[in-house]
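**Student:** Need a 3D model of the following:
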Amino acid sequence: MKQTLLQTTVLIGLLFSFSFCQMEKQVSESEANQNLLVGLLAGSAASTSFLLEYNGQWNVGYSYDAEGKLTGTPTGRLIISTNSDGSGSIISSDTSGSSGDITYRILSFDKTKKQLFYQNTPGSNNNQFIDNRSKYGRIDYSAVTSNGCELSSNRCFYFCEAVSGKTTLAEVLNSTVTSNTNNYATNGCGGFTFSRALSRAENSTWTGL
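**Tutor:** Residues are numbered from 1 along each chain as shown. This is a model prediction of the structure:
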């Protein structure tokens, strides 16, 4: 009888010990998963935070002199609004706003290649690109810098709409079209020049702001 009681007591103790170990293991796994999630979120925010550098209003031109400097008065205008999670939009028009505007909804990007993938919104009303409503494309861009900016601008970058007017995003992602920022002033954007974006004071009277 005593032996049976002793065996029962030992068995209960072992079960309790095993249950405690399992609970401890589950807690550790839960904490590990939580830490992993926090790490992933932090990494994601860090990987997209560079997009915030492009926020604001920009004058845009694409004519260059022999030294590669932007010449003339920029006739384009951009409003860029991005979030740290990588979402956002770009509104493009000329300085008069007479031709209407185009809105690009940012879908994703490749930070290493400096490529941004977008979809034109159905409401874009630029009469020169009316057929591009709801179409997909890709913009290649350079880093934002404060060096060498023309017209007394304190920030600038180059960009090239390398792919546009595609029916599906897959067509854009599979595109083999390339661009070359080294030839920004000549033919680096599919045989054309890159566009030059120069930051401007946010006091525009452009229709649509």
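**Student:** Where does Gln57 fall, secondary structure wise?
**Tutor:** Per DSSP states H and E, Gln57 falls inside strand 56-61.
**Student:** isn't Asp131 right next to Gly165, touching?
**Tutor:** Yes: under the criterion of C-beta atoms under 8 Å, Asp131 makes contact with Gly165 at 7.0 Å. C-beta: built from backbone N, CA, C; applies to glycine.
**Student:** so the closest residue in space to Leu51 that isn't next to it in sequence bridges to which residues?
**Tutor:** In this structure, Leu51 finds its nearest non-sequential neighbour in Thr82, 4.1 Å apart by C-beta to C-beta, 6 or more residues apart in numbering. According to DSSP bridges, the partner residues bridging Thr82 are Gly88.
**Student:** give me the number of residues near Thr82?
**Tutor:** 21 (other C-beta atoms under 10 Å).
**Student:** So which residues of the protein form strands?
**Tutor:** Taking DSSP state E as the test, the strands found in the chain are 56-61, 76-82, 88-94, 102-110, 115-120, 136-141, 156-166, 195-199.
**Student:** mind giving me the domain split of this protein?
**Tutor:** As assigned by automatic domain parsing, the chain contains the domains 1-49, 55-199.
**Student:** related to what we said a few turns ago, and the angle from the strand holding Gln57 to strand 156-166?
**Tutor:** Counting by axes from the mean of the first three to the mean of the last three C-alpha atoms, to 10 degrees, strand 56-61 points 80 degrees away from the direction of strand 156-166.
**Student:** which one of Asp131 and Gly165 has more residues nearby?
**Tutor:** Neighbours per residue (other C-beta under 10 Å) separate Asp131 from Gly165, with Gly165 holding more: 14 against 8.
**Student:** for the more buried one, what are its contacts?
**Tutor:** For Gly165, the contact set (C-beta atoms under 8 Å, 6 or more residues apart in numbering) comprises 131-132, 135, 137.
**Student:** And the furthest pair within those?
**Tutor:** The largest separation in the contacts of Gly165, counting by C-beta to C-beta, is between Asp131 and Gly137 at 12.5 Å.
**Student:** And the pLDDT at Thr205?
**Tutor:** pLDDT for Thr205: 50.
**Student:** ok so, going back, which of the domains of the chain comes out lowest on mean pLDDT?
**Tutor:** Among the domains of the chain, domain 1-49 scores lowest, at a mean of 43.
**Student:** burial count for Val60?
**Tutor:** 20.
**Student:** Report the beta-bridge partner residues of it.
**Tutor:** Residues in beta-bridge contact with Val60 (DSSP bridges): Gly76, Ala197.
**Student:** what's the answer for Phe109, then?
**Tutor:** Leu116.
**Student:** where do the helices sit along this structure?
**Tutor:** 2-48, 169-173 (DSSP state H).
**Student:** buried set for the last one?
**Tutor:** Spelled out, that is helix 169-173. Residues 169, 172-173 are the ones in helix 169-173 that count as buried (16 or more other C-beta atoms under 10 Å).
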